[in-house]
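Enquirer: Output the structure for:
(one chain, ligands or ions: 1)
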Amino acid sequence: MDLKEKNCIVCGESNKEGIFIWEAFICQSCEQEMVHTDVMDAKYPFFIEKMKNIWKMEA
Ligand SMILES: [Zn+2]
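Expert: Numbers count the residues shown, from 1 in each chain. Alright, predicted model coming up:
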């Protein structure tokens, strides 16, 4: 895993630490937030919207 900074799709900040879901990078703090909050509540639709944006950009 390389350590280049990548832009998080959730908060838009660049970060070295994080995870990839498909092609999308999510920084560690956002990932932690998703783990610790009720993702199915407020964040999940937001996350899906971000994913749609990713797919549009890739298309
Ligand atoms: Zn983030």
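Enquirer: Outside of the helix of greatest length in the chain itself, list whatever touches it.
Expert: Ordering each helix of the chain by length in residues (DSSP state H) puts helix 44-58 first. Here helix 44-58 makes contact (Cβ atoms under 8 Å, 6 or more residues apart in numbering) with 9-10, 22-24, 34, 39. Backbone N, C-alpha and C define where each C-beta goes, glycine included.
Enquirer: so how far is I19 from K4?
Expert: K4 is 15 Å from I19, where distance means Cβ to Cβ, to the nearest Å.
Enquirer: follow-up on the earlier one: sort out which residues of the longest helix of the chain are buried, please.
Expert: 47, 50, 54 (16 or more other Cβ atoms under 10 Å).
Enquirer: Out of those, flag the one nearest to N15.
Expert: Proximity of the buried residues of helix 44-58 to N15 (Cβ to Cβ) peaks at K50, which lies at 15.1 Å.
Enquirer: So S29 sits against V10, correct?
Expert: No: contact criterion Cβ atoms under 8 Å: S29 and V10 do not qualify, at 9.1 Å.
Enquirer: So for this protein, which residue is the most central one in space?
Expert: I26 (3.0 Å; Cα atoms, centre = their mean).
Enquirer: and the helix or strand encompassing that one, is it in reach of the ion?
Expert: Per DSSP states H and E: I26 is located in strand 24-27. Yes: shown here: strand 24-27 in contact with the ion (Cβ under 5 Å from the ion) through C27.
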